[in-house]
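**Student:** Here's my sequence, what's the structure:
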Amino acid sequence: MLTDPIADLLTRIRNANMAGLDIVEAPVSRLKANIAKVLKDEGYIKNFRLVRSDGKHYLRIYLNIDAGRKAITGIKRESKPGLRRYVNVGEIPTTLNGAGIVILSTPKGVMTGREAKKVRVGGELICSVW
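**Tutor:** Take a look at the predicted model:
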């Protein structure tokens with residue numbers, strides 16, 4: 001059993017990206033699907049699908065690799081099960097002076113730090129992507 005399924009998803013994406021793979025699969029959850037939706041909306045992945053095979057559900061993520069150029073340079077888990085990291089609106093960090101994004105889980109759903117600042121809501125800082 002995994003102790004941190006979000007870190008597992010991010011590690012699978014990081015490893016597939018470093019290996020130059022186009023597709024990565026991970027066990028699905030609603031939070032993982034919402035994170036994938038944010039990554040797709042921001043252009044870090046091409047698409048994602050919920051796949052069922054052998055009675056199990058998977059999240060299939062299609063990475064955005066064009067002519068050897070990878071959209072994701074780095075991805076880092078911020079809030080961990082042993083040490084949750086919550087931020088207010090004024091404390092939402094930027095990644096690489098705005099070149100990357102931070103993903104937050106807020107009461108209004110999973111969104112980027114930029115969207116959370118617009119809506120004026122804080123939450124749990126899930127990860128940084130650049």
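**Student:** Identify the residues contacting the closest residue to Ile101 other than its chain neighbours.
**Tutor:** The shortest distance from Ile101 to any non-neighbouring residue, by Cβ to Cβ, 6 or more residues apart in numbering, is to Thr112 (4.8 Å). Bear in mind the C-beta positions are built from the backbone N, C-alpha and C, glycine included. By Cβ atoms under 8 Å, 6 or more residues apart in numbering, Thr112 lies in contact with Val38, Glu42, Ile101, Val102, Ile103, Leu104.
**Student:** now do Ser105
**Tutor:** Leu31, Gly123, Glu124, Ile126.
**Student:** Which among the residues you listed count as buried?
**Tutor:** Among the contacts of Ser105, those scoring as buried are Gly123, Ile126 (criterion: 16 or more other Cβ atoms under 10 Å).
**Student:** Take the contacts of Ser105 and keep only those in helices.
**Tutor:** Secondary structure defined by DSSP state H assigns Leu31 of the contacts of Ser105 to helices.
**Student:** which SS class is the residue positioned nearest the centre of the chain?
**Tutor:** Against the mean C-alpha coordinate of the chain, by Cα atoms, centre = their mean, the closest residue is Ile35 at 4.3 Å. Secondary structure state of Ile35, per DSSP: H, G, I helix; E, B strand; the rest coil, is helix.
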